[in-house]
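*Asks:* Pasting the sequence and the predicted coordinates here, then a few questions.
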Amino acid sequence: MILTVTLNAAVDVTYRVPRLQPHTTHRVTEVVERPGGKGLNVARVLTALGHRAVATGFAGGGTGDALRALLAQETSVTDALVPVGGATRRTVAVVDESTGDTTQLNEPGPTVTPAEWDTFMATYRELLADARAVALCGSLPPGVPVDVYARLTRAARTADVPVLLDTSGEPLRRGLAARPDLAKPNADELAALTGSTEPLRAARDARRRGAHTVAASLGADGMLVVTADGAWQAAPPRRIAGNPTGAGDSAVAGLLSGLVEGLSWPARLTRAVALSAATVRAPAAGEFDRGTYEDLLGEIRVVEHPVGV
Ligand SMILES: O=P(O)(O)OC[C@H]1O[C@](O)(CO)[C@@H](O)[C@H]1O
C-alpha cells in the first residue's frame, strides 16, 4: 500500500457564487463537501489509479466524524486516522463563476496534545511496515512540533520507505534537512524557501538543502523535476480552465504512483502534469476528469534541461 499523512485533515467545503465581491452578501449556488486535506486528496487519486492507499493523520469532533463518514462513503481509501479531542477543521473554497477564480479560507485545525502525538507516532511506525512509499502532506495543526516532517522522514528512511514531502514554510525547511527522497513545493513555496523566483535555480537550491529530488509544481507552466541525473519540465499543451484546488495533490499522486511502478522520471512527470490538469476540470479537490487525463497523457511533451544551465 501507499501511505499518506494528513496531520491537518479537513472537511473541504466548496461554494460557487455568481460573482465574489467583498462587503456584499453572496447567495451560494452550489455547495460541495468532501473529505480533504492534502494527503487525503492524494490517497483518493491513488485509489482512482488502482493503488491501495491508507490515510493517517488526526480526526476529531463532529467535523472529524463527518470527514470519516465521507471518506467511507465516497472513497476506497483505508482510514487509519488517529482520534483527537479537538475538532477537525473546515476549509472553504469560494469559486467566482464570473472569472473562474478560487478564493481559499483554511481554518487552523485542532490543538494536538502530546499524548495524541505519541499515539500517532506509534501508529505511523506500524503503518510504515506495510508501506511501499509515504507522502507527508500539508500544514500542521497547533501543538504539533515544527520539525515534525523531519522526524517522520527519518522514521520512514529507517524503515526503508521512500518519502515524498509536500508542505511549506518552516516545516518544509526543517523537513528537507532530513533528506526526503522527493519534495514537491509549488512556485510560491519554492520562492519563499530559496528567495529565488527562477524555478530551475530555486529547485536546484532546494536539492542542496537536502531533498534527493525536487518536483516543483508551476501552475499553468506544469512541473519541473530536478534529480541528481538531470532536469525535465512538462506543461499541459493548452490552458485548462476550472478550479485548481487539489491540482498539486493530484500531481503528488502521479509522482508517487510512478515511483512505486518504477516509471522513468519523464513518464512520472507526464502523469503528474496530466493528472494535475485533469483535476482543474473536476468539481473538487481529490477528483480528476478521466477523459481529460487520458487525452493529455498522449499530448504532453517532456523537455530536458541541459546540464548546468
Ligand atoms: O494543509 P493546508 O496547506 O492548509 O492545505 C489544505 C487544503 O489544501 C487542499 O488540499 C488543496 O490542496 C484542500 O483540499 C485543503 O484541505
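*Replies:* Nice, I can see it. Residues are numbered from 1 along each chain as shown.

*Asks:* do you know how far A10 is from A59?
*Replies:* Going from A10 to A59 by C-beta to C-beta, to the nearest Å gives 10 Å. Heads up, the C-betas are built off the backbone N, CA and C, glycines and all.

*Asks:* again with A251
*Replies:* Counting by C-beta to C-beta, the separation of A251 from A59 is 25 Å.

*Asks:* so how many other residues sit close to R239?
*Replies:* Neighbouring residues of R239 were enumerated by other C-beta atoms under 10 Å; the total is 9.

*Asks:* So it, which state does it fall into?
*Replies:* For R239, the secondary structure call by DSSP: H, G, I helix; E, B strand; the rest coil comes out as coil.

*Asks:* Same check on V28?
*Replies:* Reduced to three states with three-state DSSP, the structure at V28 is coil.

*Asks:* now swap in T91 and tell me
*Replies:* The three-state assignment at T91 reads strand, by three-state DSSP.

*Asks:* do the same with Q233
*Replies:* Here Q233 is strand, with the state taken from three-state DSSP.

*Asks:* what residues are up against the nearest residue to it once chain neighbours are set aside?
*Replies:* Distance criterion C-beta to C-beta, 6 or more residues apart in numbering; nearest residue to Q233, sequence neighbours excluded, is L224 at 4.6 Å. Applying C-beta atoms under 8 Å, 6 or more residues apart in numbering, one finds that L224 lies in contact with 199-200, 203, 215-216, 218, 231-233.

*Asks:* tell me which element L224 falls in.
*Replies:* strand 223-226 (DSSP states H and E).

*Asks:* mind listing what's buried in that strand?
*Replies:* By 16 or more other C-beta atoms under 10 Å, the buried positions in strand 223-226 come out as 223-226.

*Asks:* which ones are touching the residue of the stretch 201-309 of the chain found nearest the ligand?
*Replies:* Minimum separation of the stretch 201-309 of the chain from the ligand (C-beta to the nearest ligand atom) falls at A285, amounting to 4.0 Å. For A285, the set of contacting residues under the criterion of C-beta under 8 Å, 6+ apart consists of 12, 34, 36, 41, 93, 245-246, 249, 279.

*Asks:* Before I go, just wanted to say thanks for your time.
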